[in-house]
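Student: Here is my input, please return the structure:
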Amino acid sequence: MEATKYFENANVKPKSLKTYNSLYKNHLKQYEKNGVFKVNDIDKITKNILDKNVSNNTIMSVLQLFMNIVEANGEDITKLKNLHRELFEKKKSDTMARKMVKKDLPTYEEIEEYLKYLYKKKEWRTFVVNFILFNYITRNEDVDLYIIHDKKDLNNEDNFLLIRKTDIVYIRNKYKTRDSYGVKKYTIRSKKFYNSVNELYASGNTRVLTSNSNLTQEITKYTFQHISESDMAKIVVANIDLNKNMNKLIELGERRGTSKEVLLSEYRLDDRVWNTIII
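Tutor: As a prediction, this is how the structure comes out:
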């Protein structure tokens, strides 16, 4: 199969063709061998498309493009059509589910007040957990942290809070998308966070969590109204005015270790209109 058989005869507008070329270059060209897709690789390529760490919208678009290429080469696309339809139905279902839970989630301001309350009450561990979830919209595993004072205690497998003279270095070696985004390091200069980590360490705690046997249960013990890390991400993303601050969304995606497309697809609670075209 050759992609040129589709692109040379595609009856689409120039703008759409430009989009398709971009999708092809970024998501499909890697599967070519000498400019050709092998027919018996269709299932393998389709699986790789479905496994991509991008938004559901992007997966649907890439799958549609691949389906067009396959069809242009005279091959059967029944299975691809069925998969595309399933993705579309899932997208509708996920959107409805997010809208249903929106009214039940705390507001951004309530989380801010909860953090103030925790610090005032000297709930150091709970403050640290919620500060990280709220400011870095991390997954549960990313909060399973060792607290250390000496860089010699670092390794390449675990996550750490390194206490320095005036700040904390947040280091993530172990998280879901490490293979795609690499080791993450952040210098946190918040005085409240610095004091909380130090108080936790001074009380004999060298780890943020008391148990990691069931991280979901452990994390939700500390969060406001026992919300999940996913719900926290939804609250933070929903607070962004996408027309004015797309850079904030990009920054949050970088912190979580995901793309802005995934944040918009999986964590956006409302139907704000934004002007940026996302592919």
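Student: hey, let's count contacts and neighbours off CA atoms from now on
Tutor: Fine.
Student: quick one: residue 162 from residue 176, how far?
Tutor: 21 Å (C-alpha to C-alpha, to the nearest Å).
Student: So those two - more neighbours on which side?
Tutor: Comparing residue 162 with residue 176 by other C-alpha atoms under 10 Å, the one with more neighbours is residue 162, at 21 against 16.
Student: Phi first, then psi, for that one.
Tutor: With angles defined as degrees, to the nearest 10, residue 162 sits at phi -90, psi 110.
Student: ditto for residue 184
Tutor: Reported as degrees, to the nearest 10, the phi and psi values for residue 184 are phi -120, psi 130.
Student: quick one: it and residue 175, what's the gap?
Tutor: In terms of C-alpha to C-alpha, residue 184 sits 9 Å off from residue 175.
Student: Name the nearest residue to residue 137, sequence neighbours excluded.
Tutor: Take residue 137 and drop its neighbours on the chain: the residue closest to it by C-alpha to C-alpha, 6 or more residues apart in numbering is residue 233, 5.1 Å away.
Student: The one you found: neighbour count?
Tutor: 24.
Student: who touches it in this structure?
Tutor: Contacts of residue 233 were listed using C-alpha atoms under 8 Å, 6 or more residues apart in numbering, and they are 133, 134, 137, 138, 267.
Student: Give the burial count for the last one, as a bare number.
Tutor: Meaning residue 267. 22.
Student: just the third one next, same as before
Tutor: Neighbourhood size, residue 137 [other C-alpha under 10 Å]: 26.
Student: Identify the residues contacting residue 163.
Tutor: Residues in contact with residue 163 (C-alpha under 8 Å, 6+ apart) are 147, 148, 149, 150, 169, 194, 197, 198.
Student: With residue 187 instead?
Tutor: Neighbour list for residue 187: 167, 168, 169, 170 [criterion: C-alpha under 8 Å, 6+ apart].
Student: Buried by neighbour count: which residues of the one helix or strand it maps to qualify?
Tutor: Residue 187 belongs to strand 184-188 when assigned by DSSP states H and E. Within strand 184-188, the residues that qualify as buried by neighbour count (16 or more other C-alpha atoms under 10 Å) are residue 184.
Student: mind giving me the domain split of this protein?
Tutor: 4-101, 108-267 (automatic domain parsing).
Student: Low-confidence ranges, the stretch 151-279 of the chain, go.
Tutor: 243, 269-279 (pLDDT under 70).
Student: let's see it at 50
Tutor: The model of the stretch 151-279 of the chain has pLDDT under 50 over residues 271-279.
Student: quick one on the thing from earlier: hey, which of the domains of the chain is tucked in deepest?
Tutor: Ranked by mean neighbour count under mean count of other C-alpha atoms under 10 Å, the domains of the chain are led by domain 108-267, which reaches a mean of 17.
Student: Quote the end-to-end distance of that one.
Tutor: 14 Å.
Student: State the mean pLDDT of stretch 20-39.
Tutor: The average pLDDT within stretch 20-39 is 87.
Student: actually stretch 54-61, not the one I wrote
Tutor: Rounded mean pLDDT across stretch 54-61 is 79.
Student: Mind exporting the C-alpha coordinates of that stretch to PDB?
Tutor: Extracted in PDB, the C-alpha atoms of stretch 54-61 (Å, rounded to 0.1, in the frame of the first residue of the first chain):
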ATOM      1  CA  VAL A  54      -2.500  11.400  22.500                       C
ATOM      2  CA  SER A  55      -6.100  12.500  22.700                       C
ATOM      3  CA  ASN A  56      -9.000  10.400  21.600                       C
ATOM      4  CA  ASN A  57      -9.700  13.000  18.900                       C
ATOM      5  CA  THR A  58      -6.200  12.600  17.500                       C
ATOM      6  CA  ILE A  59      -6.400   8.800  17.500                       C
ATOM      7  CA  MET A  60      -9.700   9.000  15.600                       C
ATOM      8  CA  SER A  61      -8.200  11.400  13.100                       C
END
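Student: Tell me which residues are up against it.
Tutor: Outside stretch 54-61, the residues that reach it (C-alpha under 8 Å, 6+ apart) are 23, 49-50, 52, 84, 87-88, 91, 258-259, 261-266, 279.
Student: Off-centre distance for it?
Tutor: Chain-centre distance of stretch 54-61: 14 Å, with C-alpha atoms, centre = their mean, to the nearest Å.
Student: same deal with stretch 180-198?
Tutor: Here the centre of stretch 180-198 is set off from its chain's centre by 19 Å, with C-alpha atoms, centre = their mean.
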